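1. Pasting the sequence and the predicted model now:
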Amino acid sequence: MARRRRIPTRKILPDPKYGSELLAKFINVGMLDGKKSVFEKTVYSALETIEKKLKKNPIDLFKECVEKVAPTVEVRSRRVGGATFQVPMEVRPLRQKALSIRWIIQFARKRNERTMTDRLAGEFADILNDTGGSFKKKIDTHKMADANKAFAHFRW
């Protein structure tokens, strides 16, 4: 963490097909070994699959998925007098998006479908139905914060 000045956030270019910065960020986070075009094709075909299933605009569905998975509170460790407490704290909007993107990709990779396209499409469909690993992760995070509400006065 910088002590002297605030580090400026880098502006990323929107993705070429839909013109969405959020989707471009998703692609950047999901790519492996710098192979952006490979993951880009995977994401686009997953969005097309979802579009065929639900007959809605794929970019709106994607944004809805990211918003549904984004946590509003989380617990952070705070050391007070030799003891470590799990203190519930609100999550900044930028971190909310980053966590939701990370969780969606993480749980899509763990799924049992044959291709990554099917895994992503399945995860998106599950999120829209309020199920799936990434949605469950959000619920668990909220439950953990709720359980540790007694330590909220240690917030800094």
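-> Here it is on my side, so go on.

2. I figured Lys110 was touching Lys136, is that so?
-> No: Lys110 is not in contact with Lys136 according to C-beta atoms under 8 Å; the separation is 11.7 Å. (Each C-beta comes from the backbone N, C-alpha and C, glycine too.)

3. These two: who's more crowded?
-> In terms of neighbours (other C-beta atoms under 10 Å), Lys136 is the more surrounded of Lys110 and Lys136; the figures are 15 against 11.

4. and the more buried one, that one's in a helix?
-> Yes: Lys136 sits within a helix when classified using DSSP: H, G, I helix; E, B strand; the rest coil.

5. Let me know the secondary structure of Ala152.
-> Taking three-state DSSP as the rule, one finds Ala152 in the helix state.

6. Tell me who's in contact with it.
-> 87-88 (C-beta atoms under 8 Å, 6 or more residues apart in numbering).

7. what's the spacing between it and Val91?
-> Separation of Ala152 from Val91 (C-beta to C-beta, to the nearest Å) stands at 14 Å.

8. what about the helix or strand hosting Cys65, distance to the chain center?
-> Cys65 is part of helix 58-69 when elements are defined by DSSP states H and E. Centroid displacement of helix 58-69 relative to its chain, using C-alpha atoms, centre = their mean, to the nearest Å, is 10 Å.

9. Next secondary structure element downstream of it?
-> strand 73-80.

10. Relative to that following strand, what are the paired strands and their orientations?
-> If you go by DSSP bridges, strand 73-80 pairs up with strand 83-90 (antiparallel).

11. avg pLDDT for the strand it pairs with?
-> Averaged over strand 83-90, pLDDT sits at 91.

12. so where's this protein shaky on pLDDT?
-> Applying pLDDT under 70 to the chain flags residues 1, 156.

13. does the residue nearest to the spatial centre of the chain belong to a helix or a strand, and which?
-> Nearest to the geometric centre of the chain sits Ser100, at 1.4 Å (C-alpha atoms, centre = their mean). For Ser100, the host element (DSSP H and E) is helix 93-110.

14. buried set for that helix?
-> If you call a residue buried by 16 or more other C-beta atoms under 10 Å, then helix 93-110 has these buried ones: 96-97, 99-105, 107-108.

15. One more: stretch 28-44?
-> If you call a residue buried by 16+ other C-beta under 10 Å, then stretch 28-44 has these buried ones: 30-31, 39-40, 42-44.
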